[in-house]
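J.: when you get a sec, could you give me coordinates for this:
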Amino acid sequence: MAVRMRHDGIEQEIEVPEISVEQYKRSGWKVVGDDGQPIEEKTTTAKRRRAEGDGS
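T.: Numbers count the residues shown, from 1 in each chain. So this is what the prediction gives:
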């Protein structure tokens, strides 16, 4: 599946394979929707681990 992306310094959008999206994001590219607007990505926080130890 191809994903549309845009970079602030370049007018033309590109389509990249889904597997390559993270690499492009590290270079400043943003995923855009059909309307050309950036898609807001929701991230979840990692679960907190309980401290292990003897409790003293």
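J.: what's the biggest strand in this protein, counting residues?
T.: Taking DSSP state E as the criterion, the chain has its longest strand at strand 10-17.
J.: which residues touch that strand?
T.: 1, 2, 3, 4, 5, 6, 24, 29, 32, 36 (C-beta atoms under 8 Å, 6 or more residues apart in numbering). All C-beta atoms are positioned from the backbone trio N, CA, C, and that covers glycine.
J.: flag whichever of these scores worst on pLDDT.
T.: Looking at the contacts of strand 10-17 by pLDDT, the weakest one is residue 36, with 78.
J.: which of the contacts of strand 10-17 sits closest to residue 49?
T.: residue 24 (31.9 Å; C-beta to C-beta).
J.: which SS state does the closest one fall under?
T.: helix (DSSP: H, G, I helix; E, B strand; the rest coil).
J.: residue 5 is in contact with that one, correct?
T.: Yes - here residue 24 reaches residue 5: they are 5.6 Å apart, a contact under C-beta atoms under 8 Å.
J.: those two - which one has more neighbours?
T.: residue 5 (21 against 17; other C-beta atoms under 10 Å).
J.: what about the more buried one, which helix or strand?
T.: In the assignment (DSSP states H and E), residue 5 maps to strand 2-7.
J.: which stretches of this structure have low pLDDT?
T.: For the chain, the stretches with pLDDT under 70 are 43, 53-56.
J.: for the strand holding residue 5, packing partners?
T.: Applying 3 or more C-beta pairs under 8 Å, 6 or more residues apart in numbering; DSSP states H and E, we find strand 2-7 packed against strand 10-17, helix 21-26, strand 30-31.
J.: do you know which of those lies nearest residue 47?
T.: Of all the helices and strands packed on strand 2-7, helix 21-26 comes closest under C-beta to C-beta, at 22.1 Å.
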